[in-house]
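Asker: Please find the sequence and the predicted model below.
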Amino acid sequence: MSDVNINKQLEIHGIIPSEQEHATPEELYARLIDKIKQYHPSSELEMIDKAYKFAKEAHKDQKRKSGEPYIIHPLHTALILADLELDKESIMAALLHDVMEDTSVTREDMIEAFGEEVTDLVDGVTKLTKLDYDVDKVEKQAENLRKMFLAMAKDIRVILIKLADRLHNMRTLMYRSPEGQKETSRETIDIYSPIADRLGISKIKIELDDLSLRYLEPEKYDELVEGVHQRLEHREDFMNELIEVVAGYVEKAGIKATIDGRVKHYFSIYKKMVNQHKTLDQIYDIFAVRIIVDSVMECYGALGIIHEKFTPVPGRFKDYIAMPKENMYQSLHTSLIAPNGQPFEIQIRTAEMHRTAEYGIAAHWKYKENLTGDDNEEQKISWLRQILEWQRDMTDNQEFLDLLKDDLNMFSGNVYCFTPDGDLKNLPNGSTPVDFAYSIHSAVGNKMIGAKVNGEMVNIDYEIKNGDRIEILTSNNSSGPSRDWLKIVKSTQAKNKINQWFRSQNKEVNIERGNDLIKAYCKTKSINLEEIMKPKYMDIVRTKYGFKEWDALLATVGHGGLKEGQIVNRLLDQYKKDHDEPITDQQVIDIIDKNAQGQGLISSSKSGVIVEGMDDVAVRFSKCCTPVPGDEIVGFVTRGRGVSLHRTDCVNMINLPEMERNRLIEASWAEDQSSHEGKYNTEIVIYAHNRVGILSDLSKIFTENDIDVLSINSRTSKNEIATITMAFQINSTDELNDIIAKIRQIDSIIDIERTAS
């Protein structure tokens, strides 16, 4: 008999069940023990009880933002891990994971009470807690991610505990500020959710996605929930009848199965709507039928019955049993047409496959020591090993960050192909024979001279299709990869190996070239290289870019990974910090007195401006109004930081208190601005009707005019009006007016204004 379980309620991801919202610590702990006993009935629970009491005592005076006792959070984290059926040590570490960070408990105290294994887990999670994902701080972000993967390598359970910790924090995100909600949601959807996906833990990945969407796009999320709920109500009878019919067919064939209906999770629907430019009404696989059987043979048997009874949709069958995803997900997916003409999806898998789909690496992980386990587990963490290999190979943080994010983004879409011997290869969609070659071995890729697909010669930019059989042609006389290959490869592995080849083959040449580029830049800008190339400044800049030695930085400049101007300007900034001579308070008073008596001398500053009453003093361009040549300007004498230059229409100058106005001093631009070195920062705000491609159109104008864009920030209001703030570098107001005129010609632009405060 088929066991039919029909879902009649819509599960809204991201909302804690009401019975858990106000549960006491004692109730939650009782629930935790019950869960552990279900999958580990013989387990001795004394140490878990000790960990709970220890954590409760350590956090006794602390409250969460919700007003609840702090111990509620570690208990929920442990409950999530108990759902994954993790071992006692992981549960204990979850209960204790904030103790070392938020209380006076030391590592030594933890080791004495719970031993090194649990303490190391807690320590690993603690080190991940303060990761910073500010996208404008590339070096810090990359270094933090490196730490995360090293912690994962030491013990994979560290990231499982961290994922559970993040999931409960996301579930209670309503108590954070709107800014905090968006920041946490962005790092969750960029980093934690893809890692959960990579490890195959869909149970956590799905909820993290939906919760992130809830706070990043609240209006669209609410519309989606309401729309899906309405469709579920309208189609409940249809789904119930469909499941009954499918169950009848499967039962008649003598196959024992559990059959239920499921709702596609919100983020997946949202992504489909955005990527395919569809409305909710046009998404037909919102609901699916899932068939769970006992064996692989029964999976294919049930598939045959379903295809016999319903009309399959051409091209919509996927066999993830024969060709599992990289995270070991296995299932049969097929789209069909119901008798009433309504499309629907069926997934067929074994109970073991279903468990792996839900829990991923946590489903079968048998912890022994470090990363040891059976061959299956080794395969599941091969991605982590690849990340660790990248870390060893790369000193450039930006490159590491780009490769990691590319890899996380590409993971969801793969293509399957075969070697001449029939071995399966799993590559990102759009991959070429070059990607295939490097997936075999770096030596194969480096010596590649051509490729055959299904016995026929193809170009190296041929896009691999599912089922292709690929043969790579190599030669020992090959001169190695071409830089053009970087433009056609899709896999992060191939990009890394190609870049690694160029770094190793041309290291000495690149070091010399990088050195020459820096010298040439300094000569062009009349910068004294000897002054700024001091070990002190070089160490600061080298560390800033994440290099272990100066030659590695020079080599990166040599092969184009960094611009020589970036390095020189960083060195110059450090030099100026040591050599700027601040104005004393007495000098400020003297200057103001001279101004009042009309005795000020007029002198030209190195910054390209003429300031009354100042003799070659430090001049700084204010960030509030970012003046550029052509603007009317005024100087403001600061205490200790020279003269700050403002536009005369700057709000800060217009509203300057009367008692401060005697600090204002006349200033103007030098007549010969052509001799001034460098460019000027400025910022504009663009108002436009929101549409796809508007940022691309803006970027194109700046690229065509060779203007360096420093930052772009965009937000969209409820009425679909986009406010885009752009900071960039220009030479004068003439150039600024020219670029503004070109932007006004872009479709959808409403207005443009310069920032004035």
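Answerer: Arrived safely, thanks for sending. Here the structure is a predicted model, which is why all the values come from computation and not from measurement.
Asker: and the residue nearest to Trp669 when sequence neighbours are not counted, how many neighbours?
Answerer: Using C-beta to C-beta, 6 or more residues apart in numbering and skipping the chain neighbours, the partner closest in space to Trp669 is Pro629 (5.0 Å). (Glycine included, C-beta is placed from N, CA and C.) With neighbours defined by other C-beta atoms under 10 Å, the count for Pro629 comes to 20.
Asker: now swap in Ser711 and tell me
Answerer: Ser711 has 10 nearby residues by other C-beta under 10 Å.
Asker: ok, now His97?
Answerer: His97 has 28 nearby residues by other C-beta under 10 Å.
Asker: Okay, and the nearest residue to it once chain neighbours are set aside sits in which element?
Answerer: Leaving aside its chain neighbours, His97 sits nearest to Val125 (4.6 Å; criterion: C-beta to C-beta, 6+ apart). Val125 is located in helix 107-129, with elements delineated by DSSP states H and E.
Asker: likewise Asn340?
Answerer: Per DSSP H and E, there is no helix or strand for Asn340.
Asker: for the residue nearest to it when sequence neighbours are not counted, what are its contacts?
Answerer: Nearest residue to Asn340 in three dimensions, chain neighbours excluded: Phe238, at 7.3 Å (C-beta to C-beta, 6+ apart). Applying C-beta atoms under 8 Å, 6 or more residues apart in numbering to Phe238 gives the contacts Ala338, Asn340, Gln342.
Asker: Phe238 belongs to a helix, doesn't it?
Answerer: Yes - judged by DSSP: H, G, I helix; E, B strand; the rest coil, Phe238 forms part of a helix.
Asker: quick one, strands of the stretch 201-350 of the chain?
Answerer: 258-263, 287-293, 311-319, 332-337, 343-350 (DSSP state E, counting those that start in this stretch).
Asker: wait, doesn't Val637 sit right on Glu660?
Answerer: No - using C-beta atoms under 8 Å as the test, Val637 is too far from Glu660 to be in contact (9.9 Å).
Asker: okay, these two: which has more neighbours?
Answerer: Val637 (24 against 11).
Asker: so Thr77 touches Asp165, yeah?
Answerer: Yes - Thr77 is within contact range of Asp165, at 5.0 Å (criterion: C-beta under 8 Å).
Asker: between the two, what contacts are shared?
Answerer: Ala94, His97.
Asker: Can you tell me, leaving aside adjacent residues, what's nearest to Tyr39?
Answerer: Glu85 (4.4 Å).
Asker: Contact partners for Thr184?
Answerer: Thr184 sits in contact with Asn169, Met170, Leu173, Arg176, Tyr215, where contact means C-beta under 8 Å, 6+ apart.
Asker: Distance-wise, check it relative to Ala520.
Answerer: Using C-beta to C-beta, to the nearest Å, Thr184 is found at 45 Å from Ala520.
Asker: try Ile269
Answerer: 55 Å.
Asker: Run through the stretch 1-150 of the chain and note the low-pLDDT ranges.
Answerer: 1-22, 42-43, 127-150 (pLDDT under 70).
Asker: Ile721 contacts Tyr687, correct?
Answerer: Yes - with contact defined as C-beta under 8 Å, Ile721 counts as touching Tyr687 (6.4 Å).
Asker: so which strand or helix has Asp751?
Answerer: strand 749-754.
Asker: Counting by contacts, list what that strand packs against.
Answerer: strand 680-689, helix 733-744 (3 or more C-beta pairs under 8 Å, 6 or more residues apart in numbering; DSSP states H and E).
Asker: and Asn477, which of those is closest to it?
Answerer: Closest to Asn477 of the helices and strands packed on strand 749-754 is helix 733-744 (C-beta to C-beta; 50.6 Å).
Asker: Give me the number of neighbouring residues for the residue lying closest to Asp551 once chain neighbours are set aside.
Answerer: Once flanking residues are discounted, Asp551 sits nearest to Ile511: 5.2 Å by C-beta to C-beta, 6+ apart. Using other C-beta under 10 Å, Ile511 has 20 other residues around it.
Asker: Could you measure from Ile511 over to Ile730?
Answerer: With C-beta to C-beta as the criterion, Ile511 and Ile730 are 34 Å apart.
Asker: Kindly report the same for Leu96.
Answerer: 55 Å.
Asker: If you count surrounding residues, which of these two has more?
Answerer: Per other C-beta under 10 Å, whichever of Leu96 and Ile730 has more neighbours is Leu96, with 27 against 22.
Asker: residue contacts, Pro631?
Answerer: One thing to correct before we go on: residue 631 is Asp, not Pro. Contacts of Asp631 (C-beta under 8 Å, 6+ apart): Arg647, Thr648, Thr733.
Asker: If we use 10 Å, what do you get?
Answerer: If you count contacts by C-beta atoms under 10 Å, 6 or more residues apart in numbering, Asp631 has them with 625, 645-650, 669, 680, 682, 732-733, 736, 754.
Asker: just curious, which of those residues is nearest to Ile348?
Answerer: Nearest member of the contacts of Asp631 to Ile348, counting by C-beta to C-beta, is Thr682, at 60.0 Å.
Asker: That closest one: neighbouring residues, count only.
Answerer: Neighbour tally, Thr682, other C-beta under 10 Å: 23.
Asker: so who does it touch?
Answerer: 621, 625-628, 631, 710, 726-730, 733, 735-736, 739, 754-755.
Asker: Likewise for His76?
Answerer: His76 touches 16, 20, 23, 28, 32, 94, 164-165, 167-169, 171-172, counting by C-beta under 10 Å, 6+ apart.
Asker: quick one: what helix or strand has it in it?
Answerer: Assigned by DSSP H and E, His76 falls within helix 72-83.
Asker: ok so, going back, pick out the lowest-pLDDT one from the contacts of Thr184.
Answerer: Lowest in pLDDT among the contacts of Thr184 is Arg176, which has 85.
Asker: related to what we said a few turns ago, hang on, the residue nearest to Trp669 packs against Ile610?
Answerer: No - in this structure Pro629 lies outside contact range of Ile610 using C-beta atoms under 10 Å: 12.0 Å.
Asker: Next, show the common contact partners of the two.
Answerer: Trp669, Ala670.
Asker: Next, the buried residues of stretch 225-243.
Answerer: Val225, Gly227, Val228, Arg231, Leu232, Arg235, Glu236, Met239, Leu242, Ile243 (16 or more other C-beta atoms under 10 Å).
Asker: Just to be careful, could you list which of those residues are in helices?
Answerer: Val225, Gly227, Val228, Arg231, Leu232, Arg235, Glu236, Met239, Leu242, Ile243 (DSSP state H).
Asker: before we move on, back to that, what about the strands of the stretch 201-350 of the chain, which gets the closest to Asp516?
Answerer: Per C-beta to C-beta, nearest to Asp516 of these: strand 311-319, 53.7 Å.
Asker: Please report how far Leu572 lies from Gln566.
Answerer: Taking C-beta to C-beta as the measure, Leu572 falls 11 Å from Gln566.
Asker: Quick check on those two: which one has the bigger neighbour count.
Answerer: With neighbours defined as other C-beta under 10 Å, Leu572 and Gln566 compare such that Leu572 has more, 17 against 13.
Asker: Gly514 versus that one, what's the distance?
Answerer: 17 Å.
Asker: same thing with Leu208?
Answerer: Taking C-beta to C-beta, one finds Leu208 at 42 Å from Gly514.
Asker: most centrally placed residue in this structure?
Answerer: In the chain, the centroid-proximal residue (C-alpha atoms, centre = their mean) is Asp190; its distance is 3.0 Å.
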